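J.: what's the 3D shape of this:
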Amino acid sequence: MEKQDSSTDLAGLLVVTIEQAVAAPYVSCRLADAGARVIKVERPEGDFARNYDSNALGNSAYFVWLNRGKESIALDLKDKKDFLILKNLISKADVLIQNLAPGAFDRLGVSIESLRLEYPSLITCSISGFGDKGPYKNQKAYDMLIQAETGLIDITGLPDRENFDGRAKVGASVCDISAGMTAYQAILQALIKRGISGKGRHISVSMFNSLADWMNPFYLGYVYNNKTPKRNGMTHPIIVPYGAYACKDELTILIAIQNDREWLNFCKVVLGDENIAQDKKFKTNSNRVVNRDLIEKIIQDKFMEYNREDIINKLEEASVAYGRISDMEQLKNHPQNNYLDIDTKSGTVKILGPGAIHDNFIPNGKSMPELNEHGEKIRKEFNL
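T.: Purely as a prediction, here's the structure:
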């Protein structure tokens with residue numbers, strides 16, 4: 001079967017994005033990966049994400065990750081000539097994305113509603129913290145704040161102890177990324193429908209609702225069964241053994257036992273004592289949950305006799321699920337990684353590649369735009 005180049009799937013589409021930070025750049029990055037022409041409109045001082053850090057050959061790691069394959073133009077939208085350039089860009093666009101602060105886009109003097117009337121085929125997408133309606137619609141929203149508002153922080157971390165608040169935020173920017181993923185799939189859905197009807201639509205993406213959607217299993221358990229989720233760190237509230245154990249070489253491994261057959265194999269091969277599986281205190285998962293501290297000490301003591309790779313060999317033999325807890329050095333050298341090369345003015349940055357690979361094709365050779373790198377060309381093209 002002939003392989004197709006997924007980097008041209010959206011060729012011919014023009015995406016204009018007035019964006020900053022993470023959520024909207026995530027969306028437009030994925031559209032650029034699929035072949036759309038993406039024009040990133042930045043304020044004269046640039047997207048503030050350019051200055052988050054200088055970790056990628058002097059460039060912001062977030063910016064390198066999320067802005068490949070785009071064109072950059074810096075516009076002062078309070079300037080009449082620059083504002084006209086923006087209006088001309090929008091008049092030719094298939095998709096308009098914006099994630100400015102609440103109300104900022106309307107204050108520019110052009111509303112989403114008027115654009116939808118003037119350009120019926122245009123797809124518009126606004127990403128905000130709490131959406132277009134509700135008492136929090138004008139509240140500022142950043143990733144950690146939304147993690148807090150949705151309850152994610154309350155279920156993440158270690159159990160509370162005396163004078164110890166075990167709650168923690170998720171390390172990655174899951175709120176921004178979930179909003180970006182939600183917006184991306186919504187835009188693709190709108191493009192499919194426009195191909196049938198010829199009409200565009202407006203998409204409103206809320207960071208709060210995007211992440212709250214992920215909280216449904218915990219929400220439903222609480223609302224319909226009065227179950228308050230507990231923080232368990234790297235253990236499981238109702239399955240034992242299911243968690244992290246240290247090995248002799250000071251590396252950590254996670255294991256997950258799903259049924260009594262796996263438990264028997266685990267005791268026989270890994271613990272080296274089949275009788276443990278028949279002990280009344282440990283025979284069933286319910287027994288093991290009741291006697292959690294005792295069985296986990298037995299497992300931990302055994303694991304401390306071996307290096308992690310030796311334990312892995314035993315787990316493989318027993319057909320028990322496991323996972324290595326990787327630090328950044330181990331992630332850097334992980335054999336499952338795929339990569340993208342991003343060209344910057346200071347050199348080529350190799351980033352971790354995408355999760356979805358089409359026909360074994362990984363697009364490469366993308367560039368990160370410097371601020372206003374394409375400004376002169378775009379001004380000439382869209383000075384209608």
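
J.: now do the same contact list for the closest residue to I239 other than its chain neighbours.
T.: Distance criterion C-beta to C-beta, 6 or more residues apart in numbering; nearest residue to I239, sequence neighbours excluded, is N285 at 6.2 Å. (C-beta placed from N, C-alpha, C; glycine too.) If you count contacts by C-beta atoms under 8 Å, 6 or more residues apart in numbering, N285 has them with 238-240, 257, 260, 263.

J.: please enumerate the helices of the stretch 51-200 of the chain.
T.: For the stretch 51-200 of the chain, the helices defined by DSSP state H, counting those that start in this stretch cover 61-66, 80-92, 104-107, 112-118, 143-149, 174-197.

J.: now those as CSV including mean neighbour count and distance to A321?
T.: Listed next are the helices of the stretch 51-200 of the chain as CSV, based on neighbours: other C-beta atoms under 10 Å; distance: least, C-beta to C-beta, whole Å:
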stretch, mean neighbour count, distance to A321
helix 61-66, 22, 30
helix 80-92, 16, 51
helix 104-107, 14, 47
helix 112-118, 14, 48
helix 143-149, 19, 28
helix 174-197, 18, 24
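
J.: with distance to N163 as extra columns, can I get those helices in JSON lines?
T.: Below are these laid out as JSON lines (distance: least, C-beta to C-beta, whole Å):
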{"stretch": "helix 61-66", "distance to N163": "35"}
{"stretch": "helix 80-92", "distance to N163": "54"}
{"stretch": "helix 104-107", "distance to N163": "43"}
{"stretch": "helix 112-118", "distance to N163": "50"}
{"stretch": "helix 143-149", "distance to N163": "21"}
{"stretch": "helix 174-197", "distance to N163": "28"}
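
J.: rank those by mean pLDDT and give me the bottom one.
T.: Looking at the helices of the stretch 51-200 of the chain, the lowest mean pLDDT belongs to helix 104-107 (a mean of 83).

J.: give me the contact list for that one.
T.: Under the criterion C-beta under 8 Å, 6+ apart, residues 18, 98, 111-112, 126 lie in contact with helix 104-107.

J.: stretch 164-172 too?
T.: With C-beta under 8 Å, 6+ apart as the criterion, stretch 164-172 contacts 144, 147-148, 152-154, 156-160, 231, 233.

J.: what comes up buried for it?
T.: Under the neighbour-count criterion of 16 or more other C-beta atoms under 10 Å, stretch 164-172 has K169 buried.

J.: if I look at E317, how far off is Y245?
T.: According to C-beta to C-beta, to the nearest Å, E317 and Y245 sit 17 Å apart.

J.: which one's more surrounded, these two?
T.: Y245 (20 against 12; other C-beta atoms under 10 Å).

J.: give me the phi and psi angles of that one.
T.: Backbone torsions of Y245, given as degrees, to the nearest 10, read phi -140, psi 140.

J.: for the closest residue to it other than its chain neighbours, give me its contacts.
T.: Counting by C-beta to C-beta, 6+ apart, F303 is the residue found nearest to Y245 once chain neighbours are left out, at 4.6 Å. Applying C-beta under 8 Å, 6+ apart to F303 gives the contacts 245-248, 253, 311.

J.: cool, G157 as well?
T.: 166-168, 231, 233.

J.: same deal with D5?
T.: By C-beta under 8 Å, 6+ apart, the contact list for D5 reads F361.

J.: mind pulling up the phi and psi values for it?
T.: phi -80, psi 100.

J.: circling back to that earlier point, need the buried ones from the contacts of F303 selected in ChimeraX.
T.: Under the burial definition 16+ other C-beta under 10 Å, those of the contacts of F303 that qualify are selected in ChimeraX by:
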select :245,247,253,311
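
J.: so which of the contacts of F303 sit within strands?
T.: By the criterion of DSSP state E, membership of the contacts of F303 in strands covers 245-246, 253.

J.: what is the nearest of these to K193?
T.: Nearest to K193, judged by C-beta to C-beta, of these is I253 at 47.0 Å.

J.: so that closest one touches A321, yeah?
T.: No: with contact defined as C-beta atoms under 8 Å, I253 does not count as touching A321 (10.9 Å).

J.: what is in contact with the two at once?
T.: L315.

J.: which residues touch K87?
T.: Applying C-beta under 8 Å, 6+ apart, we find K87 in contact with V110.

J.: quick one: least confident helix or strand in this structure?
T.: helix 104-107 (a mean of 83; mean pLDDT, DSSP states H and E).

J.: distance between it and the chain's centre?
T.: 27 Å (C-alpha atoms, centre = their mean, to the nearest Å).

J.: same deal with stretch 250-265?
T.: Offset of stretch 250-265 from its chain centre (C-alpha atoms, centre = their mean): 28 Å.

J.: that stretch: end-to-end distance?
T.: Start-to-end span of stretch 250-265 (C-alpha to C-alpha, to the nearest Å) is 25 Å.

J.: thinking again about what came up before, from the contacts of F303, which single one is nearest S206?
T.: I253 (38.4 Å).

J.: relative to A24, how far out is that closest one?
T.: 38 Å.

J.: what sits closest to the residue nearest in space to the middle of the chain if chain neighbours are left out?
T.: Central residue of the chain (C-alpha atoms, centre = their mean): I177, 3.6 Å from the mean position. Nearest residue to I177, sequence neighbours excluded (C-beta to C-beta, 6+ apart): Y26, at 6.2 Å.

J.: secondary structure element for the residue lying closest to V240 once chain neighbours are set aside, which one?
T.: Once flanking residues are discounted, V240 sits nearest to R288: 4.0 Å by C-beta to C-beta, 6+ apart. Using DSSP states H and E, R288 maps to helix 285-290.

J.: what does L220 give?
T.: Going by DSSP H and E, L220 is part of helix 216-225.
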